[in-house]
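Trainee: got a predicted structure here, sequence first:
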Amino acid sequence: MAKKDKNKQLPELYTEKELEAIEEHIVSMFGDFENVFHEIESPDIHVDVCIIDPTPERNYYTLVTMGMGAHRMNVPEELRDKKVDRAEVLIALPPDWDLQNPDERWYWPIRCIKSLARLPGELDTWLSYGHTVSNEEPYADNTGLCGVMLTFPYCFPAESAVCVMPDGDEVNFYQVLPLYANEMNFKVKNNAEALENMFPEDFDMVVDPARKNVLPEKDWHIKAADMKDLFHWDEAEGCFATDRILVDGCKVGYMYREEPDGDWDSGWRFTAGDESEEYMDTPGNSGIYALNTVANNDPEIIPFLTAPYGSSFIRDDDGVLREDEGEDEE
């Protein structure tokens with residue numbers, strides 16, 4: 001007989017009364033469900049996915065996680081009393097979606113919400129309204145969608161966003177909105193509300209792998225097919241750059257490195273140097289890109305990219321990038 005591993009950690013689970021409250025909330029707010037994707041192995045939390053079938057009123061599948069909220073997320077200190085440390089997520093799929101097909105073209109939404117459910121525990125972090133999570137590549141070969149943002153469940157009653165537990169605690173319900181890369185960049189540079197305002201008022205929250213991108217397509221100076229591998233390193237490779245460089249083809253006129261905004265961020269910021277304050281304040285005139293993308297547009301930045309935080313470089317009157325020493329004092 002195999003010995004039990006005494007060090008094996010049991011998954012976090014709702015109490016019986018909490019689970020009853022969650023099930024009642026899902027049924028009353030999102031719809032009755034007869035089918036559930038039950039999880040066979042649960043190393044950390046037990047995440048089931050409730051399948052709410054299409055109805056004449058809501059002609060789409062609604063998939064809701066059940067188990068994510070058993071884990072209390074590591075929210076910032078200033079939010080500890082705001083009851084945002086527990087959550088479940090949901091996603092809406094077309095009525096003809098083949099839920100039983102294991103091909104990634106059909107399975108990715110299920111994988112996505114199950115991964116989101118585990119992310120806070122695996123990374124000791126938290127998820128809430130407006131948070132984006134990148135997949136780093138398209139979810140499947142039939143879509144360009146490659147990340148998600150958490151929104152409120154706008155298609156359902158306002159009360160659906162929060163389930164009050166028997167002890168007065170709360171579990172928040174967020175709807176998953178799949179995004180294209182430039183939409184995620186726009187949200188990170190601006191905010192969730194600004195991105196939501198870009199969507200039409202009649203936007204359908206049901207997943208469409210081929211939906212229209214809500215941001216205008218740009219005519220890049222260097223096309224994706226022409227990109228070369230000019231710069232990669234072991235550190236974060238995300239950066240901010242303006243369209244004066246990436247669309248208009250201008251050289252980098254000013255570059256500086258500040259403390260990063262997250263694990264994705266190298267801290268580098270690039271401008272052509274002639275952008276007005278109004279230009280910089282206009283959403284869509286800049287975005288988040290890989291350092292390699294900016295290097296393809298201006299390879300002269302490459303020798304400076306390993307400079308430490310706090311570094312800055314400027315293109316002088318002779319057209320040469322040099323360390324920015326500031327104005328000379330008289």
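Mentor: Perfect, thanks for sending it. Bear in mind the structure is a predicted one, so any value in this text is a computation, not a measurement. Residues are numbered from 1 along each chain as shown.
Trainee: tabulate the CA atom coordinates of stretch 84-97 in PDB.
Mentor: Once non-C-alpha atoms are left out, stretch 84-97 reads as follows in PDB (Å, rounded to 0.1, in the frame of the first residue of the first chain):
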ATOM      1  CA  VAL A  84     -12.200  42.400  -2.800                       C
ATOM      2  CA  ASP A  85     -10.000  39.500  -1.800                       C
ATOM      3  CA  ARG A  86     -12.400  36.800  -3.100                       C
ATOM      4  CA  ALA A  87     -13.600  36.300  -6.600                       C
ATOM      5  CA  GLU A  88     -15.100  34.100  -9.300                       C
ATOM      6  CA  VAL A  89     -15.000  34.700 -13.100                       C
ATOM      7  CA  LEU A  90     -17.400  34.000 -16.000                       C
ATOM      8  CA  ILE A  91     -17.300  34.100 -19.700                       C
ATOM      9  CA  ALA A  92     -20.100  34.100 -22.400                       C
ATOM     10  CA  LEU A  93     -19.800  31.900 -25.500                       C
ATOM     11  CA  PRO A  94     -22.000  31.600 -28.600                       C
ATOM     12  CA  PRO A  95     -24.800  29.000 -28.600                       C
ATOM     13  CA  ASP A  96     -23.100  26.900 -31.300                       C
ATOM     14  CA  TRP A  97     -19.800  26.700 -29.300                       C
END
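Trainee: tell me the domain ranges of this protein?
Mentor: 16-198, 224-323 (automatic domain parsing).
Trainee: quick check: end-to-end length of stretch 242-260?
Mentor: Distance between the boundary residues of stretch 242-260 (Cα to Cα, to the nearest Å) amounts to 18 Å.
Trainee: and it, which residues are buried?
Mentor: 242-246, 250, 252-257, 260 (16 or more other Cβ atoms under 10 Å). In short, each C-beta sits where N, CA and C put it, glycine included.
Trainee: same question for stretch 119-129.
Mentor: By 16+ other Cβ under 10 Å, the buried positions in stretch 119-129 come out as Leu119, Pro120, Gly121, Trp126, Leu127, Ser128, Tyr129.
Trainee: could I get the pLDDT score of the fifth one?
Mentor: This points to Leu127. Here, the pLDDT recorded for Leu127 equals 97.
Trainee: hang on, it packs against Pro120?
Mentor: Yes: using Cβ atoms under 8 Å, Leu127 is in contact with Pro120, at 5.7 Å.
Trainee: got any residues that touch both of those two?
Mentor: Residues within reach of Leu127 and of Pro120 at once, by Cβ atoms under 8 Å, 6 or more residues apart in numbering, are Met73, Ala87.
Trainee: count the neighbours of the closest residue to Ile222 other than its chain neighbours for me.
Mentor: Distances taken as Cβ to Cβ, 6 or more residues apart in numbering put Asn296 closest to Ile222, at 4.9 Å, once the chain neighbours are dropped. Per other Cβ atoms under 10 Å, the neighbour tally for Asn296 reads 22.
Trainee: so what's the backbone phi/psi at Asn296?
Mentor: In terms of degrees, to the nearest 10, the main-chain angles of Asn296 are phi -70, psi -30.
Trainee: look up how far Ser128 lies from Ala161.
Mentor: 11 Å (Cβ to Cβ, to the nearest Å).
Trainee: just for the chain, where's the confidence low?
Mentor: By pLDDT under 70, the low-scoring segments of the chain are 1-8, 327-330.
Trainee: go with 80
Mentor: Low-confidence segments of the chain (pLDDT under 80): 1-10, 40-42, 216-217, 283, 326-330.
Trainee: which one's the longest helix in it?
Mentor: helix 104-123 (DSSP state H).
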